[in-house]
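In: Just need the structure, nothing else, for what follows:
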Amino acid sequence: MNRRTIMAGLLALGLGLTAVAATNLTGTWVLDKSKSDPMRMGGPRSGGGGPRGDLNLTLVIRQSGNDLQIIRKISMGADERPPVEQKFTLDGKECTNPLGGRGGTLTAKAKWNQDTLVIEGTQKMSTPNGDFDIDIKNEYSLSADGKTLTLVSTRSTPQGDTTTKQIFNKH
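Out: The predicted structure is shown next:
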């Protein structure tokens with residue numbers, strides 16, 4: 001290889017890393033219900049609990065260096081649930097976080113795939129009907145203007161796969 005080829009490769013790699021490092025999801029994000037798939041409350045064995053038109057979801061994301069914190073705030077009408085906080089590192093290392101609602105834990109890895117943050121892992125659930133695992137993949141991406149966050153979530157359960165798309169506006 002000649003020197004120009006090596007330099008061009010290094011330059012391209014550097015520009016790619018700069019683009020990934022420039023993506024930052026920090027902010028308060030409010031669910032846009034009119035643009036999002038309906039959300040369901042409850043677990044897969046409960047039939048999902050039905051859609052909730054009065055459900056509000058806010059994500060507070062803090063991203064600094066290699067650290068990522070996601071706080072989920074859910075309310076239904078006047079009923080506000082305790083916020084659920086999850087912490088990840090952005091280097092692909094496994095992190096375990098508690099889950100709200102029915103409990104359980106999420107063991108997952110977070111990493112960048114170009115300009116999309118991908119969090120993949122397994123949710124461990126214990127129910128009166130037995131213990132089971134749910135494979136989870138959450139993909140977070142920003143609009144070009146940085147004002148819209150799209151979250152595509154895929155859940156693989158013993159009953160099958162479900163994918164939902166949620167759109168959040170920066171608040």
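In: Name the residue closest to the centre of this protein, please.
Out: In the chain, the residue lying closest to the centroid (Cα atoms, centre = their mean) is Asn138, at 4.2 Å.
In: Does that one touch Thr150 like I think?
Out: No - applying Cβ atoms under 8 Å as the test, Asn138 and Thr150 come out as separate, 10.9 Å apart. (Glycine included, C-beta is placed from N, CA and C.)
In: Can you give me the pLDDT of Asn66?
Out: pLDDT for Asn66: 95.
In: what about it, how many neighbours?
Out: 11 (other Cβ atoms under 10 Å).
In: give the contact list for it.
Out: Thr89, Leu90, Asp91 (Cβ atoms under 8 Å, 6 or more residues apart in numbering).
In: In this structure, mark out all the strands, start to finish.
Out: If you assign secondary structure with DSSP state E, the strands in the chain sit at 27-31, 55-64, 67-76, 79-80, 84-89, 94-98, 105-113, 116-127, 130-142, 148-157, 160-170.
In: Minimum distance to Pro38: which of the ones you listed has it?
Out: Nearest of those to Pro38, taken as Cβ to Cβ: strand 160-170 at 8.2 Å.
In: Give the bridge partners for Asp131, please.
Out: Per DSSP bridges, the residues bridged to Asp131 are Ser126.
In: Now tabulate the strands of the chain in JSON lines and tack on distance to Asp37.
Out: As requested, the strands of the chain are arranged in JSON lines below (distance: least, Cβ to Cβ, whole Å):
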{"stretch": "strand 27-31", "distance to Asp37": "11"}
{"stretch": "strand 55-64", "distance to Asp37": "12"}
{"stretch": "strand 67-76", "distance to Asp37": "16"}
{"stretch": "strand 79-80", "distance to Asp37": "22"}
{"stretch": "strand 84-89", "distance to Asp37": "20"}
{"stretch": "strand 94-98", "distance to Asp37": "23"}
{"stretch": "strand 105-113", "distance to Asp37": "21"}
{"stretch": "strand 116-127", "distance to Asp37": "18"}
{"stretch": "strand 130-142", "distance to Asp37": "14"}
{"stretch": "strand 148-157", "distance to Asp37": "9"}
{"stretch": "strand 160-170", "distance to Asp37": "4"}
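In: Which one of those lies nearest to Met39?
Out: Among those, if distance is taken as Cβ to Cβ, the winner is strand 55-64, at 5.5 Å.
In: ok, the closest one: who's next to it in the sheet?
Out: strand 27-31 (antiparallel), strand 67-76 (antiparallel).
In: Residues touching the first one, excluding its own?
Out: What it means is strand 27-31. Against strand 27-31 from outside (Cβ under 8 Å, 6+ apart): 39, 56-61, 149, 166-171.
In: Since that was my last question, I'll sign off now.
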